[in-house]
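Visitor: make a model of this:
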Amino acid sequence: MLIAALPAAAFGTNCWVLAPGAGQECVVVDPGVGIVPGLDELLARHRLRPAAVLLTHGHVDHVFSVVPVCQARGVPAYLHPDDGFLLADPLAAVGPGAREAFAAAGLEWAEPDDVRPLPDGAQLELAGLTLRVDAAPGHTPGSVLFMTDDGGRPTCLSGDVLFAGSIGRTDLARGSARDMRHSLRTKVLPLPDETRVLPGHGPETTIGAERASNPFLLDLSEVR
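Guide: Next up is the predicted model:
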């Protein structure tokens, strides 16, 4: 599988591109602020054709470029319905001053036309890839994990649920520490140690490494 990461121009957000290989269709995950030039270059270099945009959740740093990416290629976006309110106003859940900062920077938001739901447990067949949707609320009500397989190795696109050494914050609007703990206990900890984790921010990691050292997981009972 071809897996590539692109850093956004703000917030340190990772945009991930997955494809069976060069010259094929791909999925684009979490296109953040200013991602379009780098994404266009990567797609041209590997001769990739986007089939869809997948969103791990609705925060502005993960969805900001969804419209230009989707509309330039006529592809849909996929988002869990519980985060639909954030597509209407992606600044609704960020801290004070963010709206003014975006306006001052001349950044404008438009809602995508074709948004399709991500039900918990759904299996997506896109771009020659199979991805399972695991709802993992806490950071936002509609946060999800995307699970796939890379040559026999399980791979998790974790969005802002799990990072190397940390987890997503739960103090923004409609976040829930209780839901996050439940998601970590029931959706993250049961994953095999060898699972490759592609997070929404920061370097990639593995479930085994996080199980052993992530302070937010150490006090949770493993559920299998």
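Visitor: strands along the protein, start to end?
Guide: Taking DSSP state E to define them, one finds strands in the chain at 2-7, 14-19, 25-29, 49-54, 77-79, 115-117, 123-126, 129-135, 144-150, 153-159, 162-163, 166-167, 196-199, 205-206.
Visitor: angle of the first one against strand 25-29?
Guide: This means strand 2-7. Relative orientation of strand 2-7 versus strand 25-29 (axes from the mean of the first three to the mean of the last three CA atoms, to 10 degrees): 30 degrees.
Visitor: contacts for strand 2-7 next, please.
Guide: For strand 2-7, the surrounding residues in contact (CB atoms under 8 Å, 6 or more residues apart in numbering) are 13-22, 26, 35, 38-39, 42, 46, 48, 150, 155, 198, 204. (C-beta placed from N, C-alpha, C; glycine too.)
Visitor: ok, 10 Å please
Guide: 13-24, 26, 28-32, 34-39, 41-43, 45-46, 48, 148, 150, 155, 157, 196, 198-199, 201, 203-204 (CB atoms under 10 Å, 6 or more residues apart in numbering).
Visitor: coming back round to it: redo the strands of the chain as CSV? Include mean neighbour count.
Guide: Formatted as CSV, those follow (neighbours: other CB atoms under 10 Å):
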stretch, mean neighbour count
strand 2-7, 16
strand 14-19, 23
strand 25-29, 25
strand 49-54, 21
strand 77-79, 24
strand 115-117, 14
strand 123-126, 13
strand 129-135, 19
strand 144-150, 21
strand 153-159, 23
strand 162-163, 25
strand 166-167, 20
strand 196-199, 22
strand 205-206, 20
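Visitor: distance to residue 85 added to these, as CSV?
Guide: Formatted as CSV, the strands of the chain follow (distance: least, CB to CB, whole Å):
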stretch, distance to residue 85
strand 2-7, 27
strand 14-19, 22
strand 25-29, 21
strand 49-54, 18
strand 77-79, 11
strand 115-117, 12
strand 123-126, 23
strand 129-135, 16
strand 144-150, 16
strand 153-159, 17
strand 162-163, 23
strand 166-167, 22
strand 196-199, 24
strand 205-206, 30
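Visitor: turn those into a markdown table, columns for mean pLDDT.
Guide: As requested, these are exported to a markdown table (pLDDT from 0 to 100):
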| stretch | mean pLDDT |
| --- | --- |
| strand 2-7 | 96 |
| strand 14-19 | 98 |
| strand 25-29 | 98 |
| strand 49-54 | 98 |
| strand 77-79 | 97 |
| strand 115-117 | 96 |
| strand 123-126 | 97 |
| strand 129-135 | 98 |
| strand 144-150 | 96 |
| strand 153-159 | 97 |
| strand 162-163 | 98 |
| strand 166-167 | 98 |
| strand 196-199 | 98 |
| strand 205-206 | 98 |
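Visitor: out of those, flag the one nearest residue 90.
Guide: Residue 90 sits nearest to strand 77-79 of all the strands of the chain, at 10.9 Å, using CB to CB.
Visitor: centre of the chain versus that closest one, how much separation?
Guide: Mean C-alpha position of strand 77-79 versus that of the full chain (CA atoms, centre = their mean, to the nearest Å) differs by 10 Å.
Visitor: brilliant, that's me finished.
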